[in-house]
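> The following block contains a protein sequence and its predicted model.
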Amino acid sequence: MLVHEFLENSAGKLPDKVALITETGRYNYRLIEEKSRKISEALMADGLNKGDRVAVFMDNSLDAVAGIFGILKAGGVFVIINPTTKVDKLTYILNHCQASMMFSSQDKLSMITKCLRNILSLKSIYVSGYGANLVDTAGKRIVYLKDIFCGKIVNPAAPVIRATDLASIIYTSGSTGVAKGVVMTHHNMVSSANSITQYLRSSSSDIVLSALPLSFDYGLYQVIMAFKVGATVILKKAFGYPYRALETIVKEKVTGFPIVPTISALITKMENLKNMKFDCLRYITNTGDALPADHIKKLRKIFPKTKIYSMYGLTECKRVTYLDPDQIESRPASVGKPMPGVETFVVDNCGKSVGPNVVGELVVKGPNVMQGYWNMPDETDKFLKYIKATTDRVLFTGDLFHYDKEGFLYFVGRKGEMIKSCGEKVSPKEVENVIHGMPSVSEVAVVGVDDPVLGQAVKAYVVKANEADITNGDIKKYCAKRLEDHMVPKYIEFRSSLPRTETGKVSKSALI
Amino acid sequence: MEQKENTRDKIYNFIIENYLFGDTDTELKDDESLLAKGIVDSTGILELVLYVEKTFNIKVKDEDMIPDNLDSINQIVRYINDSPHR
């Protein structure tokens, strides 16, 4: 099975069923299949070869979804990039994966222009929306998607695609400060979608409300899984207005609502929801970070008939565990057991399995585990290793867990310093590298601090160089031009020096 | 009229300071959607609501937290001016 066959099968069985609802309209399976078909033909005519990387740098939209499936049909590998990524990192990602083509939107063109000259691999840019032509395209071909959609399907010879072929690369924050591209095959993605839709009991009668970006695997899979079962996805650009989202649940009879703790923090703050009935809502899923116990309590009050799934996963293997909703009251702190087809072990520093109630690193084995990090063999070897008599490599998650006597897993913390803000990983090193780029900064240390809405907020401790005249605002502004939105520090504190350990390293634990 | 300008300026300055970190290079028109332009996200809207409540001494009800009232400088100013609690 291939990822794009999910769409093809549903378009065959349910052509007139609404597949996607966005701010611009309601679109059925036939239309999305046709659009993605036309895109795939255009890409092949443009010289796309099997395995070529095609970047998707767009907000949640119909064209982004059609683009992803079009790339897959043409045998390409889609590289989905957070739409708030700034020039330097965009240039790095496009060069690192050697993207030959890119999908984006008219409103991002002026920003993209700034990096085109530095990306030699890039030949064409496929643009959603219409507008003024680029002044300087640096020799790249600009193609408007609307022009492709006006054309006819001509049925060129399609490439032979196997389940073991690469399908996607998702860049994720790495502890070294350099983004790493998580590589997945069709088989990886299909296996994850099969497992998750199995435990969620997804069906074609589901209507899923997703305000998560497609660049976040949790958001991407909402569409993939809905297309697999022939369901409907309401795709929002952002979770902007909590009340509006809840109104949508009632109005559209939403059955599935994937959230991260930031969303539940906003919902559980609302007071006047007694008049709203959410009987239609079959399930809420949470991942990205643990749902605090008081959120669970409040969510159960607001949504008394809804099953709440606490889950755990990471981009490197999509999803690992889920807690049976019937257990949420008796084990609110647990993220449950491995999903179908997946095995987990909790191991000590020597890689040996530990018993119940002993903290160790969680290791994951299964068809959901990534192939590795794109073009980073050393980094891949640090996370994918052989243990015991395994024939496939297993994933060392870098997350600390323990399990109880009945096998329920509990997240304890992260090895290393990674921060989780709004459910997404933030590498302190990446933020520190950016702030270090300011001439008026001599030292910086970035940590995560507890935040009731974000889970963790990014905080930077800064030592000025030679009493330089810089303010909080200067640093935030500098970061906002270079980092994705969720990585920009919320708090900045100036210090005259940073505490150090005996070996001279900055002691972050002494800072907080 | 003077009061309307004050309200508008306060909101404009709050947005520039808190979401654009003082960066006036980004052109922000009074009728532009803050969400579509990527200036505020859900947590940003919450901060905006807290600011409006504190500065203008009004209570923003949950059901008032919709784009019609909060998604552009013009809409926020209109919402504040129309608020019966002022």
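It's in.
> May I see the buried residues of stretch A:117-135?
Taking 16 or more other CB atoms under 10 Å in any protein chain shown as the neighbour-count basis, stretch A:117-135 is seen to contain the buried residues A:119, A:122, A:123, A:124, A:125, A:126, A:127, A:128, A:129, A:134. For the C-beta atoms, the positions are set from N, CA and C on the backbone; glycine is no exception.
> do the same with stretch A:50-65
If you call a residue buried by 16+ other CB under 10 Å, then stretch A:50-65 has these buried ones: A:52-65.
> name the element residue A:438 belongs to?
Using DSSP states H and E, residue A:438 sits in no helix or strand.
> Can you tell me what sits against stretch B:30-47?
The list of residues contacting stretch B:30-47 from outside it, by CB atoms under 8 Å, 6 or more residues apart in numbering or on different chains, reads A:83-84, A:211, A:237-242, A:262-263, A:266, A:269, A:422, A:453-454, A:485, B:8, B:12, B:15, B:18-20, B:28, B:48, B:65, B:67, B:70-74.
> Among the buried residues of stretch A:50-65, name the ones in strands.
Among these, the members falling in strands are A:53, A:54, A:55, A:56, A:57 (criterion: DSSP state E).
> for these, which one is nearest chain B?
For those, the closest approach to chain B (CB to the nearest CB) belongs to residue A:57, at 13.2 Å.
> My guess is the closest one contacts residue A:81. True?
Yes. Taking contacts as CB atoms under 8 Å, residue A:57 lies within contact range of residue A:81: 4.5 Å.
> tell me, what's touching those two both at once?
Where contact means CB under 8 Å, 6+ apart, the residues bridging residue A:57 and residue A:81 through contact with each are residue A:90.
> pull the longest helix from chain B.
When chain B is parsed with DSSP state H, its longest helix is helix B:2-18.
> what residues are up against residue 65?
Let's take chain A. Each residue near residue A:65 by CB under 8 Å, 6+ apart is listed here: A:20, A:32, A:214, A:223, A:235.
> wait, chain B
Applying CB under 8 Å, 6+ apart to residue B:65 gives the contacts A:241, A:242, A:243, A:244, B:45, B:49.
> how far is the longest helix of chain B from where the chain is centred?
Put simply, helix B:2-18 sits 8 Å off its chain's centre (CA atoms, centre = their mean, to the nearest Å).
> by contact count, what packs against it?
When contacts are defined as 3 or more CB pairs under 8 Å, 6 or more residues apart in numbering or on different chains; DSSP states H and E, helix B:2-18 packs onto helix B:42-56, helix B:73-82.
> And the next helix or strand past the longest one?
Translated: helix B:42-56. If you walk from helix B:42-56 toward the C-terminus, the next helix or strand you reach (DSSP H and E) is helix B:67-70.
> now the ones in strands among the buried residues of stretch A:50-65 as a markdown table including pLDDT and distance to residue A:169?
Shown next, in a markdown table, are these (pLDDT from 0 to 100; distance: CB to CB, whole Å):
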| residue | pLDDT | distance to residue A:169 |
| --- | --- | --- |
| A:53 | 98 | 7 |
| A:54 | 98 | 10 |
| A:55 | 98 | 9 |
| A:56 | 98 | 11 |
| A:57 | 97 | 13 |
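> Export the residues you listed to JSON lines and append columns for distance to residue A:375.
Listed next are those as JSON lines, based on distance: CB to CB, whole Å:
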{"residue": "A:53", "distance to residue A:375": "11"}
{"residue": "A:54", "distance to residue A:375": "16"}
{"residue": "A:55", "distance to residue A:375": "15"}
{"residue": "A:56", "distance to residue A:375": "19"}
{"residue": "A:57", "distance to residue A:375": "19"}
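> could you check the distance from residue A:321 over to residue A:127?
40 Å (CB to CB, to the nearest Å).
> most residues in a single helix of chain A, which one?
If you go by DSSP H, chain A has its longest helix at helix A:29-45.
> quick one: least confident helix or strand in chain B?
Across the helices and strands of chain B, mean confidence by mean pLDDT, DSSP states H and E is lowest for helix B:2-18: a mean of 82.
> Nearest the middle, which residue of chain B would you pick?
Closest to where the C-alpha atoms of chain B average out (CA atoms, centre = their mean) is residue B:76, at 4.6 Å.
> How many neighbouring residues does the residue in the stretch 301-450 of chain A that chain B sits nearest to have?
Ranking the residues of the stretch 301-450 of chain A by distance to chain B (CB to the nearest CB) places residue A:422 first, at 7.6 Å. Residue A:422 sits with 25 neighbouring residues when counted by other CB atoms under 10 Å in any protein chain shown.
> give me every residue that touches it.
By CB under 8 Å, 6+ apart, the contact list for residue A:422 reads A:260, A:262, A:288, A:454, A:455, A:486, B:43.
> Sticking with residue A:399, tell me its helix or strand.
Counting by DSSP H and E, the element that carries residue A:399 is strand A:394-403.
> where does residue A:193 land in three-state SS?
Following DSSP: H, G, I helix; E, B strand; the rest coil, the label given to residue A:193 is helix.
> Next, the contact list for it, please.
A:3, A:6, A:221, A:224, A:225, A:228.
> before we move on, back to that, farthest pair in the contacts of residue B:65?
Distances among those were taken as CB to CB; the most separated pair is A:244 and B:49, at 13.4 Å.
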